[in-house]
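Undergrad: My questions are about this predicted structure, shown below with the sequence.
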Amino acid sequence: MVATGSLSSKNPASISELLDRGYHPESLLSDFDYWDYVVPEPNLNEVIFEESTCQNLVKMLENCLSESKQTKLGCSKVLVPEKLTQRIAQDVLRLSSTEPCGLRGCVMHVNLEIENVCKKLDRIVCDSSVVPTFELTLVFKQENCSWTRFRDFFSRGRFSSGFRRTLILSSGFRLVKKKLYSLIGTTVIEGS
């Protein structure tokens with residue numbers, strides 16, 4: 001049996017129409033019951049809420065990078081691959097979906113890995129009014145391009161300030177989830 005839009009309810013007219021076509025009555029009711037549970041109506045409010053939450057998380061990550069560029073990274077620009085913060089935000093939302101308080105119970109430690117050394121950038125508390133139930137450690141990775149080092153070597157002579165360097169992030173990242181009140185181990189996501 002194929003469920004279609006015209007037969008979306010269990011009203012007697014739809015069922016009698018199928019009976020007239022030769023469908024067996026017991027299979028009709030069990031098929032309708034099956035589709036009621038397997039294909040729920042999409043909740044558009046949840047989709048809109050999740051998109052806005054994802055966008056807010058993207059802005060938080062971008063602000064973290066922006067604030068860290070001169071204070072902790074010593075550079076004037078941070079180049080972020082297209083959709084990187086979007087992918088990270090989606091993974092963060094997915095990891096927080098199984099938590100009792102969701103994203104509100106998250107504390108995120110943001111780091112940058114430069115030449116196998118992790119540098120702490122920021123600590124983001126998603127909702128300070130909620131006791132954290134899990135921690136996420138996000139590790140951005142620096143793009144490993146030899147031409148950027150070569151360019152930076154020659155640009156040092158031209159500029160007296162050390163803030164002219166451009167940091168290029170890789171599309172790869174690591175996201176580690178640690179539950180604070182559970183015996184369940186950590187979850188690691190490697191993005192590329």
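TA: Arrived safely. Residues are numbered from 1 along each chain as shown.

Undergrad: residues of the lengthiest helix in the chain that come out buried?
TA: Of all the segments of type helix in the chain, defined by DSSP state H, the longest one is helix 44-71. Using 16 or more other Cβ atoms under 10 Å as the test for burial, helix 44-71 gives 53, 54, 57, 58, 60, 61, 64, 65, 68, 69. Bear in mind the C-beta positions are built from the backbone N, C-alpha and C, glycine included.

Undergrad: can you map out the helices along the chain?
TA: Here the chain has its helices, by DSSP H, at 12-20, 25-38, 44-71, 84-96, 146-158.

Undergrad: does residue 176 really touch residue 187, like I thought?
TA: Yes: under the criterion of Cβ atoms under 8 Å, residue 176 makes contact with residue 187 at 7.2 Å.

Undergrad: residues in contact with residue 111?
TA: 118, 119, 120, 121, 137, 138, 139, 140 (Cβ atoms under 8 Å, 6 or more residues apart in numbering).

Undergrad: doesn't residue 187 make contact with the fifth one?
TA: No: distance between residue 137 and residue 187: 10.9 Å, which falls outside the contact criterion (Cβ under 8 Å).

Undergrad: The two: who's more crowded?
TA: Using other Cβ atoms under 10 Å as the criterion, residue 137 and residue 187 rank with residue 137 on top: 18 against 14.

Undergrad: is the more buried one in a bridge, and if so with what?
TA: Going by DSSP bridges, residue 137 is paired in beta bridges with residue 109, residue 176.

Undergrad: Spit out the contact partners of it.
TA: 108, 109, 111, 174, 175, 176, 178.

Undergrad: picking up where we left off before, out of the contacts of residue 111, the closest to residue 74 would be?
TA: Closest approach between the contacts of residue 111 and residue 74, by Cβ to Cβ: residue 119, at 10.3 Å.

Undergrad: Which pLDDT value goes with the closest residue to the closest one other than its chain neighbours?
TA: In this structure, residue 119 finds its nearest non-sequential neighbour in residue 112, 5.0 Å apart by Cβ to Cβ, 6 or more residues apart in numbering. The score at residue 112 is 95. That number is its pLDDT.

Undergrad: residue contacts, residue 112?
TA: The contact partners of residue 112, by Cβ under 8 Å, 6+ apart, come to 68, 73, 118, 119, 121, 139, 140, 141, 142, 169.

Undergrad: From residue 183, how far off is it?
TA: 31 Å (Cβ to Cβ, to the nearest Å).
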